[in-house]
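S.K.: using only what follows, build the 3D model:
(chains A and B)
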Amino acid sequence: MDRPAHELAAVGLTLGYPGRRVVEGLDVTIPPGRVTAIVGANACGKSTLLRGLARLLRPAAGSVHLDGRPIHTLRGKELARLLGVLPQDPTAPDGITVLDLVRRGRSPHQSWWRQWSAEDERAVTGALAATGLLDDARRGIDELSGGQRQRAWIAMALAQDTGVLLLDEPTNHLDLAHQIEILDLVVDLNRAQGRTVVLVLHDLNHAARYAHHVIAMLDGRVVAAGPPGEVITRQLVEDVFGLACVVVDDPVSGGPHVVPYGRHHSVLVAH
Amino acid sequence: MSPPAQASTVVPGVVVSVPGTRASWLVRVRSVLVCLLLSAAVAGAFALDVAVGELDLPLSDVAAALVTGGDDVTALVVHDLRLPRALVGLLVGAAFGVSGAIFQSLTRNPLASPDVIGVSAGAGTAATAGLLIGAGSGLGLQTVALVGGLGSALLIYLLAWNGGTTGFRIVLVGIGVAALCGSVTTYLLLKAGVYQAQQALMWLTGSLNARGWEHVGPLVVGLAVLAPAVVVLAPWLRGLQLGDAPAQALGYPVQLARIALLAVAAALVSVGTAAAGPVAFVALVSPQIAVRLVGTPGPALVSSGLVGSAVVLFGDVLAREALPGTELPVGVVTGALGAPVLLWLLSRANRSGVGG
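M.R.: Next comes the predicted model:
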């Protein structure tokens, strides 16, 4: 079942923390119904931008619009029914089970006198099934592997049942197999219901393979935005990461694949 | 889409709904059973607290005194001495248990009970000062303690505020405020006369001795105001338990929820402390025991309150019976009683690899 694709866009967005501006005057459009990856070097403002898009940060100037409405005018729960966000490195309460965690994702749909409904049950079961955690529902979060734990948090955001899903470095601290597992799951979520997904990713090659749209940031500015094939070039990697590289065709997906030189390994290819 | 029959095997519990409305709740069977058992334990402790003492009364006489009046001596002992004392114990224990559960969930820190982060200490300093300037032991002292507890909670919140605040900051600032209040209290005790100092120390340990209806009244009024607030605010607590960013992502008004819950929890512990002094350890240990009995990480407010009542009432029975001829303050016993229970629960949790 496809949901109406939601338009998320930032206009003149300025974000920061007390005494420090991280992002200044950004205009960003997130293509609806697609997977967007935000990439850039450490401290370039990519997580800050995501937090701003999710209203976890109050903009110092400018605004974020969801379907044309400024998100700061929406009520907390109203926004949480439209837009889900998984912050970076969340920590679960001690002793919580997968099921308890995922159930809490339903809170934007609940009220004091309506704390559980058949719809809640469906959404929770669906989120557990989509993340492959049905059999682990009764296990404690602290018993799980890093990859399972991350899936449990994603399941919580899924239970929220929103058309837009923002994930801040969802592959952080995971080994390669689990990184791919999470990214494949992201594609499933996007394809199955036409969800708009925005990811902050460290790995350019993951962004190249899994995103339809890549936003590259440098020092709080957007330096390039577009399909990975256009954005991820040798020049961009040099500009954004200060890293010399070659960009080859990914032998598996056919998209761009970044191979850095480093100082010790430029044997086969001349600069 | 999964059929409902399969779905109900995933989510444990029974859905309770009000016919004809959209109201519905999910009730966990284990939580209900634990609360029923705890209620029975509290009832038993209450009866025991009324029955035992210098004059041991059979439970039948207690019941008779409550229902029909009984003979004069029994009626006097039950109505004027033991019943208010037990009621103070029951209510104070519940207030401390619930307050501790709120503080610990809100700060996401099992050590963050009001006795650790300075709310009880503030009440203690104020009460000591009150005793020294002669506020007596009745309503005056209760008011002073109440103001002291609320005042230190406000101080903690203001000092922790930095364009917003976090649970962690509240704990750190609170420990600082506790140390400050402790110093002031010690100074006041050193300045005080021997009799006043002894009175103050007795109060600071937490005691149900000589508690009468004049203590029950304010306690009942305070809790009647605060209990509905707890019920209304409880869902916010479940959000704050997830941490600030995830709670905000789910649409919880994080800063508002935190200040509202902090105010209610501080008021609960202040009202309780005003009546019985800062009975040691109850607020810290009760939620931890409750969470392990109920088996959910949820705030477990009802069971925490029941455990608190049980700990204080059993503690009081023990405090009066332990040494013949002396009535120990209940605070001496709750510490000695609560610590082993918590240590036992923790050691069990470590061995089986769950909880902790």
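
S.K.: partner residues bridging the closest residue in space to B:Ser17 that isn't next to it in sequence?
M.R.: Closest residue in space to B:Ser17, ignoring its immediate chain neighbours: B:Ser24 at 3.6 Å, by C-beta to C-beta, 6 or more residues apart in numbering or on different chains. Glycine gets a C-beta too; all of them are placed from N, C-alpha and C. Under DSSP bridges, the beta-bridge partners of B:Ser24 are A:Arg114, B:Ser17.

S.K.: how many residues are close by B:Ser24?
M.R.: 17 (other C-beta atoms under 10 Å in any protein chain shown).

S.K.: same check on A:Gly146?
M.R.: There are 12 residues near A:Gly146, going by other C-beta under 10 Å.

S.K.: could you do B:Gly305 as well?
M.R.: Count around B:Gly305 with other C-beta under 10 Å applied: 30.

S.K.: helix/strand/coil for it?
M.R.: Here B:Gly305 is helix, with the state taken from DSSP: H, G, I helix; E, B strand; the rest coil.

S.K.: point out the residues in the stretch 151-271 of chain A that sit beside chain B.
M.R.: Contacts of the stretch 151-271 of chain A with chain B, taken as C-beta under 8 Å from any C-beta of the partner chain, map to A:Trp153, A:Met156, A:Ala157, A:Gln160.

S.K.: save those as CSV, and put in pLDDT, neighbour count and distance to B:Gly134 too.
M.R.: Below are these laid out as CSV (pLDDT from 0 to 100; neighbours: other C-beta atoms under 10 Å in any protein chain shown; distance: C-beta to C-beta, whole Å):
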residue, pLDDT, neighbour count, distance to B:Gly134
A:Trp153, 95, 25, 58
A:Met156, 95, 29, 57
A:Ala157, 93, 27, 60
A:Gln160, 94, 27, 59
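
S.K.: which of the residues you listed fall within helices?
M.R.: In this view, those that belong to helices under DSSP state H are A:Trp153, A:Met156, A:Ala157.

S.K.: and these, which is closest to B:Val317?
M.R.: Nearest to B:Val317 out of those is A:Met156 (C-beta to C-beta; 45.0 Å).

S.K.: surely that closest one and A:Gly105 touch.
M.R.: Yes: A:Met156 is within contact range of A:Gly105, at 3.9 Å (criterion: C-beta atoms under 8 Å).

S.K.: need the overlap of contacts for the two.
M.R.: A:Ala127 (C-beta atoms under 8 Å, 6 or more residues apart in numbering or on different chains).

S.K.: checking the residue of the stretch 51-200 of chain B found nearest chain A next. Helix, strand or coil?
M.R.: Nearest to chain A in the stretch 51-200 of chain B, going by C-beta to the nearest C-beta, is B:Gly163, at a distance of 5.7 Å. Three-state assignment for B:Gly163 (three-state DSSP): coil.

S.K.: and the pLDDT at it?
M.R.: Note for B:Gly163: predicted pLDDT of 76.

S.K.: before we move on, which element is the residue in the stretch 51-200 of chain A positioned nearest to chain B in?
M.R.: Nearest residue of the stretch 51-200 of chain A to chain B: A:Ala80, at 3.2 Å (C-beta to the nearest C-beta). According to DSSP states H and E, A:Ala80 maps onto helix A:76-82.

S.K.: and B:Gly295, how many residues sit next to it?
M.R.: Neighbour tally, B:Gly295, other C-beta under 10 Å: 16.

S.K.: measure it to A:Arg138 for me?
M.R.: 11 Å (C-beta to C-beta, to the nearest Å).

S.K.: equivalent analysis for B:Phe96, please.
M.R.: From B:Phe96 over to A:Arg138 (counting by C-beta to C-beta), the distance is 32 Å.

S.K.: so between the two, which is more surrounded?
M.R.: B:Phe96 (38 against 11).

S.K.: surely the more buried one forms part of a helix?
M.R.: Yes: under three-state DSSP, B:Phe96 falls within a helix.

S.K.: buried sites along the helix or strand where B:Leu346 lies?
M.R.: Taking DSSP H and E as the definition, B:Leu346 sits inside helix B:330-352. For helix B:330-352, the neighbour count (16 or more other C-beta atoms under 10 Å in any protein chain shown) marks B:Val330, B:Gly331, B:Val332, B:Val333, B:Thr334, B:Gly335, B:Ala336, B:Leu337, B:Gly338, B:Val341, B:Leu342, B:Leu345 as buried.
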